[in-house]
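> return a 3D structure for these sequence lines:
(one chain, ligands or ions: 1)
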Amino acid sequence: MTQRLTRLTAAILTLPSLSLADETHTQTAAPEGHAPIMVMGDHMHQAGEYMVSLRQMNMRMTGNISGTNKLSDAQVLGQPNDNAMMPANLRVVPQKMDMEMTMLGAMYAPNDAITLLAMVMQIDNDMVLQSYQGMMGDTPCASTFVSKTSGTGDTIIGALFRGGATSNGQWHSGLAVSLPTGAIDKTGRPMTPMGCAQATMDMRLPYPMQLGSGSYELKPSLTYTGDWQKWGGWRVGAQANATLRLNDNDEDYRLGDKFEVQGWAMKNLTPYASASLRLDASHQGKMDGRDAAISLPVPTAQSRSSGGTYANLSLGINLIGQSGMLRDHRLALEYVMPVHQDANGVQMKRDETLTLGWQKAF
Ligand SMILES: [Cu+2]
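Numbering: from 1, shown residues only. Take a look at the predicted model:
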């Protein structure tokens, strides 16, 4: 009798975990099955599965900050020019920048323990700047000018390694390398403060206008994803990752190493839609060395103006097709709002970023 009761109790206790296991199985097609679209390497695949993805990221920047403080154009003009004796201070002030990144990614799992990944990208930078007349004073040139660069960015290849299971989820680690396929010698003809005329020769454009870091990079990561059924049915995740620059690039500098932590929570709205909330914080060190050919009297050309500490809050929507031609196609949108910016030197102030992404596993 006691034995039968024990067996029955055991069977009842197993029931919820059985239904849970079933849910986990169908989760591959759930809208909250993948992390918000800006998170890289958040999930692994099962043996033989592959996936393609396309992301379009648009980032806007306006005005300038030093540390956490917003600077007026006049305050930027009061900053020293480290690149030359003359002019002694900065003479060109960035007003607005649009950075568009198109990322094409692929994932493939040769077995259940490892998922391989690769990503190539195309970058389009568009900056509007204001030059100020002559070697000093704050008389602007009659019009602003536009500086543009575009081309291939750096290329990422790597792998994710299945870790262990926790009571409510699982974790995996990742290791990728970034290959310096993005140009770091892009040129343009900015409007010079002397006579407010366009430069007559091509000049190397400032660091943020370049398309890559120029260095080989190591990118380790650690990711946790979980199903918090008991606490209201949230799908949650957390990731720590780093970008370590392995060498000085061909132009004799090395961008600072970057460290990032982020956490997210996703909630099912319907069988085909989920909403997400994500918080990320990152720190990037100052660059080491400088490119002697980048010498314009503009804050973005000063090697001290690199790196900083940032935090963002992001809202996202994730859709997954349930039937017909749309079945298993994922479409996701994420809107990133900066909540903390502490920049080294003088850098442009980041505004919102919008990313649209499509993913399909086979
Ligand atoms: Cu994938």
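> from here on, just use CA atoms for contacts and neighbour counts.
OK.
> check which helix or strand covers the residue positioned nearest the centre of the chain.
In the chain, the residue lying closest to the centroid (C-alpha atoms, centre = their mean) is Met38, at 6.5 Å. Using DSSP states H and E, Met38 maps to neither a helix nor a strand.
> now Tyr224
Using DSSP H and E, Tyr224 falls in strand 217-228.
> which residue is the nearest non-sequential neighbour of Ser221?
Closest residue to Ser221 apart from its sequence neighbours, by C-alpha to C-alpha, 6 or more residues apart in numbering: Asn241 at 4.1 Å.
> now do the one you found, the pLDDT please.
Listed pLDDT for Asn241 reads 98.
> repeat that for Leu15.
36.
> hang on, the earlier thing: count the residues that sit near the residue nearest to Ser221.
Number of residues near Asn241 (other C-alpha atoms under 10 Å) recorded here: 20.
> only alpha carbons, please: show the host helix or strand of it as CSV.
Secondary structure from DSSP H and E places Asn241 in strand 234-245. Taking C-alpha atoms only, strand 234-245 is exported to CSV below (Å, rounded to 0.1, in the frame of the first residue of the first chain):
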residue,chain,number,x,y,z
TRP,A,234,9.6,34.4,-18.4
ARG,A,235,12.3,33.3,-20.8
VAL,A,236,15.5,34.8,-19.5
GLY,A,237,19.1,35.1,-20.5
ALA,A,238,22.4,36.6,-19.6
GLN,A,239,25.7,36.9,-21.4
ALA,A,240,29.2,38.1,-20.6
ASN,A,241,31.5,38.7,-23.6
ALA,A,242,34.8,40.4,-24.4
THR,A,243,36.7,41.7,-27.4
LEU,A,244,40.5,41.4,-26.9
ARG,A,245,42.6,43.0,-29.6
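> which residues does that strand contact?
32-33, 35, 42, 215-228, 254-268 (C-alpha atoms under 8 Å, 6 or more residues apart in numbering).
> what is Arg350 paired to in the beta sheet?
With DSSP bridges as the criterion, the beta-bridge partners of Arg350 are Met61.
> which residues does it contact?
Arg350 neighbours (C-alpha under 8 Å, 6+ apart): 59-62, 338, 341.
> do a quick rundown of the strands in the stretch 201-350 of the chain.
203-204, 217-228, 234-245, 253-254, 258-270, 273-284, 288-289, 308-320, 329-361 (DSSP state E, counting those that start in this stretch).
> for Gly174, which of those is the nearest?
Of all the strands of the stretch 201-350 of the chain, strand 217-228 sits nearest to Gly174, with 4.8 Å by C-alpha to C-alpha.
> give me the contacts around the closest one.
So strand 217-228 is contacted by 42, 168-179, 233-246 (C-alpha under 8 Å, 6+ apart).
> give me the buried entries from these.
42, 170-179, 234-245 (16 or more other C-alpha atoms under 10 Å).
> circling back to that earlier point, quick one: the residue nearest to the centre of the chain and Glu334 touch, right?
Yes: if you go by C-alpha atoms under 8 Å, Met38 and Glu334 touch, sitting 7.1 Å apart.
> anything in contact with each of these two?
In contact with both Met38 and Glu334: Thr355, using C-alpha under 8 Å, 6+ apart.
> could you pull out the helices in the stretch 51-200 of the chain for me?
Ranges of helices in the stretch 51-200 of the chain, per DSSP state H, counting those that start in this stretch, are 73-77.
> just put the strands of the stretch 201-350 of the chain in JSON lines and tack on distance to Pro94.
Listed next are those as JSON lines, based on distance: least, C-alpha to C-alpha, whole Å:
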{"stretch": "strand 203-204", "distance to Pro94": "16"}
{"stretch": "strand 217-228", "distance to Pro94": "29"}
{"stretch": "strand 234-245", "distance to Pro94": "27"}
{"stretch": "strand 253-254", "distance to Pro94": "23"}
{"stretch": "strand 258-270", "distance to Pro94": "24"}
{"stretch": "strand 273-284", "distance to Pro94": "21"}
{"stretch": "strand 288-289", "distance to Pro94": "23"}
{"stretch": "strand 308-320", "distance to Pro94": "18"}
{"stretch": "strand 329-361", "distance to Pro94": "7"}
